[in-house]
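>>> 3D model of this:
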Amino acid sequence: LVRNSQFYSAVCLARPSTCDKTHQQTFRIFRSLHFILSHSPLFLLRAAAHLSSLALWVQKIISIMREKTNKSTVWHVCFVLLAGVVFSAALAAEVTGELQKWHRTTLSFVGPNTSETAVPNPFTDYRLLVLFSHNATNKTYLVPGFYAADGNASESSADAGNVWRVHFAADEEGDWTYNVSFRFGEMLVLDQNASAGVSVFFDGDFGNFTILPTNKTGKDLRGKGALRYVGKRYLQWAETGEYFLKGGADSPENVLAFADFDNTPKGRNILHYFKPHENDTLPDDDTWKGGLGRNLLGGINYLSSMGVNSIYFLTMNVEGDGDDVFPWTNKTERFRFDCSKLDQWERVFGHMTKRGVNMYVITQETENDHLLDGGDLGITRKLYYRELVARFSHHPAVAWNLGEENTNSPEQVKSYCDYLKAIDIYQHPTFLHTWPGWQEYRYDPLLGYPTFDGASLQTWETRYQTKQWVETSANYGHQWVVYLDEVADAEVGVLPDSEDPYHFFMRIDYLYANLMSGGAGVEWYFGYGYPNSDLTCEDWRSRHNMWKQTTFAVNIFQQYLPFEEMSSKDHLLGNPNDNMCFAKEGEIYAVYIARAYNGDTLDLGDTEIGKGAYQVDWFDPMYGGDLRQSNVKAVIGPGRVKLGPPPERPGWDWLVLLRPLNKTIYAVLTVDGQGSGNYTLGTYVNVSATAPTPTALFWGWQGDTNKVEFEDINAAATTVRVLSEDAEIFPYFAEPTTTSTTSTSTST
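This next block holds a predicted model:
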């Protein structure tokens, strides 16, 4: 391959005084030859041209080295260029992966042989970008790449090598092409100018591949597609169109402080081993180095089996609570990343995707949110974000949380959002977590900002705060997704089952308070005052009952409610202080009763929208199970209706569902009267009684009087409304009593 283009470009960069007119002309000639020959199918011809150019390389290197200044820089340049000569025969990208829609497709390139500690710095002085184009739709995506050491660092723990890599998740089936830009220059990786720096190694390469449909179903997120912000209260799966409700694990926040990851020292607390989950492993778990990682992967298996669909984790907590998670080669480094550790993280994130678990990425916490560039969007923060995006953004379900208990200025937060949206082709949503009581101070300046997508609440006032930010953000024209991500009492949080097996107040004040107010779900935090806490949790089974109850709630919403069309309607309740209503008025209602007895009511309205018949079903938030019915099996609007008593356990919380019964037909049989027939539930029927004798007196209606509603049960001619199952009603008559003044006899 003709690589003199690399030589002249690099020399001009290092020593501008040597880049005379002749060199520039030679550069253009060799650049043209390089393009022609590098895409020639005649490999031998390309190799011959490559070898024939060595003489020119050596000649130029010697001439430059004769100069007495800046010899160190030139030696670096020569080393890089000679490495390019040796390895450039493997020009074409190696395309690996399942080549299916939403799955990871990886392009690997042979580039400069370098290391994590080398000069030039492979993380800052080389820029790999690949432009992917879909032939049928003309969609294009510019994806950042990264240095991958030897390409197998998760197994080898390599810190050196010549492999450069790009991950891509195609959102369309069919034929795709790619065009590669690989350029060299000081701090070039952050330069947005496409022509900045100089062309080196495999720059200019191109190729194609074909993407097939995904074959994943069930929990595997690759079967659902990317989880996207779509301008609504809920994120939406791109492939299935379903909306997402979160039920996740907030603790331990330092889950990546795991002993099986390379270069992960113990911080201020324990180093995680997750030994209680060693028996939760499955045959297809993606372990490394002969079985490392199995305990953490087993823990994820357990959470997935419990229906947990999100894990909250910090990717950087240097100087923070744990001080044990960082992506760099050491805690004080900011410009060089640990290739093997990040490759092992990728194994875990891929496992989460396979098991149906969302990546809720917390990029910093309050103790270190000014650690990078003093809080600004400077070089080190951009490098950090870029590495995360390049390595991990291809996963379908990623959310970028810009900081836990964040104290950055609104302008700084906005700059983070803008930068992430600019480099993340998948446009994963952005969130911000803040202190309890700080919501107005932190969130007000972000209302309406187009690249900020949601609130991450830490609060005691879940119901109020959820409603406030759902409604206020909508009023500003950019609807937020509102999560409850931390119970405000840091010492307590969700207690272990051994301390609180029922989690009554967690359900009332946090779980259902968020869901019934239009929130998009919860993550459960474990207080530091109890075992298996936010930093020390080794056993996720310690909150087994809480996972069950959370999954009950998420599943009942997803199975029975069009929740994306519903909203908080607490004003319809007889007791809106304790109970909650979530409804699409006139169509479907969900009523959460904190302490159900027999006096709860719901106002279906006095207008046309309130008319209709609704089946009444009860769901047990603590024990789950099927929908059940109680004494009141149906109610008829308009007006205020009684919901009746719960099926059992009065005084506990219940969720009541009212769903339309407009197509149900029931029969009314009027014995000894008129009005019999088959009627739709809720229909008004005129009935009248037939007297057995001219003198008989009507005393009222009897029979299945609880199945119809009488306008006047004591009137022989009246109107009834059909309430429930087939009803048989009949009039009761009596002959008048006759009393004689001259006789003691009476007749009836």
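>>> pLDDT at residue 702, what is it?
Listed pLDDT for residue 702 reads 87.
>>> now swap in residue 367 and tell me
97.
>>> check residue 600 too.
pLDDT, residue 600: 93.
>>> show me what contacts the nearest residue to it once chain neighbours are set aside?
Nearest in space to residue 600, with sequence neighbours left out and distances taken as CB to CB, 6 or more residues apart in numbering, is residue 643 at 4.9 Å. The C-beta positions use only the backbone N, C-alpha and C, and glycine is treated the same way. The contact partners of residue 643, by CB atoms under 8 Å, 6 or more residues apart in numbering, come to 591, 593, 600, 601, 602, 616, 632, 635, 656.
>>> repeat that for 10 Å
Applying CB atoms under 10 Å, 6 or more residues apart in numbering to residue 643 gives the contacts 573-574, 579, 589, 591, 593, 596, 598-602, 616, 618, 630-632, 635, 654, 656, 658.
>>> then residue 428?
Contact analysis of residue 428 by CB under 10 Å, 6+ apart lists 226-229, 235, 359, 361, 389, 392-393, 395-400, 420-421, 453.
>>> so which of those belong to strands?
227, 228, 359, 361, 398, 399, 400 (DSSP state E).
>>> between those, which sits nearest residue 609?
residue 228 (32.7 Å; CB to CB).
>>> pretty sure that closest one contacts residue 102?
No. Counting by CB atoms under 10 Å, residue 228 stays clear of residue 102, with 11.9 Å between them.
>>> who's more crowded, the two?
residue 102 (26 against 19; other CB atoms under 10 Å).
>>> per-residue pLDDT, the residue lying closest to residue 620 once chain neighbours are set aside?
Using CB to CB, 6+ apart and skipping residues adjacent in sequence, the residue nearest residue 620 is residue 654, 6.6 Å away. For residue 654, the model assigns a pLDDT of 98.
>>> and residue 386, by the same measure?
For residue 386, the model assigns a pLDDT of 98.
>>> how far away is it from residue 505?
Here the criterion is CB to CB, to the nearest Å. By it, residue 386 lies 43 Å from residue 505.
>>> quick one, which of these two is more surrounded?
residue 386 (20 against 14).
>>> contacts only, for that one.
123, 127, 144, 146, 189, 190, 419, 420, 423, 424.
>>> how many neighbours does residue 176 have?
If we define neighbours as other CB under 10 Å, then residue 176 has 22 of them.
>>> and whichever helix or strand it is part of, which residues are buried?
Here residue 176, judged by DSSP states H and E, is contained in strand 174-184. The neighbour-count check on strand 174-184 (16 or more other CB atoms under 10 Å) flags 176, 178, 180, 181, 182, 183, 184 as buried.
>>> remind me which residues of the protein are low pLDDT?
1-91, 662-666, 737-748 (pLDDT under 70).
>>> one more time with 80, if that's ok
1-92, 488, 606-612, 661-673, 679-683, 723-725, 735-748 (pLDDT under 80).
>>> you'd agree residue 437 is up against residue 457?
No. Using CB under 10 Å, residue 437 is not in contact with residue 457; the gap is 11.2 Å.
>>> can you map out the helices along the stretch 101-250 of the chain?
For the stretch 101-250 of the chain, the helices defined by DSSP state H, counting those that start in this stretch cover 153-156.
>>> so which residues of it form strands?
For the stretch 101-250 of the chain, strands defined by DSSP state E, counting those that start in this stretch occupy the ranges 104-115, 126-134, 140-144, 146-147, 160-169, 174-184, 198-199, 206-211, 227-228, 236-237, 246-249.
>>> surely residue 669 is within a strand?
Yes. Counting by DSSP: H, G, I helix; E, B strand; the rest coil, residue 669 is part of a strand.
>>> which SS state does the closest residue to it other than its chain neighbours fall under?
In this structure, residue 669 finds its nearest non-sequential neighbour in residue 728, 4.7 Å apart by CB to CB, 6+ apart. Assigned with three-state DSSP, residue 728 falls in the strand class.
>>> how near is residue 728 to residue 510?
49 Å.
>>> compare those two and say which one has the larger neighbour count.
residue 510 (27 against 14).
>>> what's the burial count for the closest residue to that one other than its chain neighbours?
Of all residues not flanking residue 510 in the chain, residue 462 sits nearest, at 5.1 Å (CB to CB, 6+ apart). The local packing of residue 462 (other CB under 10 Å) involves 25 other residues.
>>> residue 473 versus residue 462, what's the distance?
16 Å.
>>> doesn't residue 304 belong to a helix?
Yes. Counting by three-state DSSP, residue 304 is found in a helix.
>>> and the closest residue in space to it that isn't next to it in sequence, backbone torsions?
Excluding the flanking residues, the one nearest residue 304 by CB to CB, 6+ apart is residue 355, at 3.8 Å. Phi and psi for residue 355, reported as degrees, to the nearest 10, are phi -90, psi 0.
>>> next, the contact list for residue 355, please.
218-221, 282, 285, 297, 300-305, 308-309.
>>> now, of the residues you listed, which are buried?
For those, buried by 16+ other CB under 10 Å: 219, 220, 221, 285, 297, 300, 301, 302, 303, 304, 308, 309.
>>> spit out the contact partners of the closest residue to the second one other than its chain neighbours.
Spelled out, it's residue 220. In space, and not counting its chain neighbours, residue 220 is closest to residue 354: 5.5 Å by CB to CB, 6+ apart. Residues in contact with residue 354 (CB under 10 Å, 6+ apart) are 216, 219-222, 282, 284-286, 297, 300-301, 304.
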